[in-house]
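Visitor: Sharing a model prediction with you, sequence too.
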Amino acid sequence: MKLLKNIVFAFLLLFGIAQFFGPEKNEGSLESVNAFLAETNPPENVKAILQESCFDCHSNSTRYPWYNNITPINYWLADHVKDGKKHLDFSNWEGNSVKRKDHKMEELIEMVEQKEMPLPSYTYTHIEAELSDAQIQAVIDWANQVRLGYALVPMPE
């Protein structure tokens with residue numbers, strides 16, 4: 001019984017100490033997506049969808065929930081954001097070629113259409129980010145328009 005108490009005490013002590021450490025936060029301003037928004041020109045309803053359902057994990061502007069202050073959850077969330085930005089980073093849109101931008105929009109369409117994005121683990125705690133069928137269609141229609149624009153841009157040979 002004493003061994004169990006010591007193990008629990010050690011665990012609580014380590015957990016308490018761990019709260020003083022955490023990963024770097026991804027907290028920039030929404031201005032980091034201005035180039036993306038200017039280039040793709042989403043209608044207001046799609047812009048609102050992107051802000052509510054996408055930018056937290058796919059830009060330099062993450063709105064962190066209160067539970068991000070708890071270690072180890074903060075490390076899990078940081079990894080989530082890092083992985084999201086690895087696949088699609090709206091804050092780094094200007095740094096991509098037209099071909100890559102078109103490919104990213106194609107992937108966006110596919111992921112939203114198949115309801116793989118936003119992730120269920122995100123919508124579980126951000127119910128407002130879950131997309132209705134009408135919102136999905138609005139995003140797909142907009143993304144297809146953007147892709148049409150990219151198709152008209154001459155590609156370097």
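Guide: Thanks, I have it.

Visitor: Can you check which helix is longest in this structure?
Guide: The residue-count maximum for a helix in the chain (DSSP state H) belongs to helix 133-151.

Visitor: which of the residues in that one are buried?
Guide: Across helix 133-151, burial judged by 16 or more other CB atoms under 10 Å covers Q135, I136, A138, V139, I140, W142, A143, V146, R147, Y150. All C-beta spots, glycine's among them, are computed from the backbone N, C-alpha and C.

Visitor: Give me the residues contacting stretch 132-147.
Guide: 40, 42-43, 45-46, 49-50, 102, 105-106, 108-109, 112-113, 115, 131 (CB atoms under 8 Å, 6 or more residues apart in numbering).

Visitor: Please repeat the previous calculation with a cut-off of 10 Å.
Guide: 39-43, 45-50, 52-54, 101-110, 112-115, 117, 131 (CB atoms under 10 Å, 6 or more residues apart in numbering).

Visitor: what does stretch 41-54 give?
Guide: For stretch 41-54, using CB under 10 Å, 6+ apart, the contacting residues are 30, 33, 36-37, 40, 58-59, 61, 63, 84, 88, 90, 108, 112, 117-118, 122-123, 126, 128-132, 134-136, 138-143, 145-146, 149.

Visitor: What are the buried residues along that stretch?
Guide: Applying a neighbour-count criterion of 16+ other CB under 10 Å, one finds P42, V46, I49, L50, Q51, E52, S53, C54 buried in stretch 41-54.

Visitor: Show me what the mean pLDDT comes to for that stretch.
Guide: The average of the pLDDT scores along stretch 41-54 is 93.

Visitor: just stretch 108-127 next, same as before
Guide: Mean pLDDT, computed over stretch 108-127, is 87.

Visitor: Buried by neighbour count: which residues of it qualify?
Guide: Across stretch 108-127, burial judged by 16+ other CB under 10 Å covers L108, I109, V112, M117, P118, Y122, T123, H126.

Visitor: Just the closest of those residues to T71, please.
Guide: Of all these, T71 sits closest to Y122, with 19.9 Å by CB to CB.

Visitor: what's the helix or strand for the closest one?
Guide: helix 120-123 (DSSP states H and E).

Visitor: Contacts for that helix, please.
Guide: Residues outside helix 120-123 that contact it (CB under 10 Å, 6+ apart): 53-54, 56-57, 76-77, 80, 84, 115, 117, 129-131.
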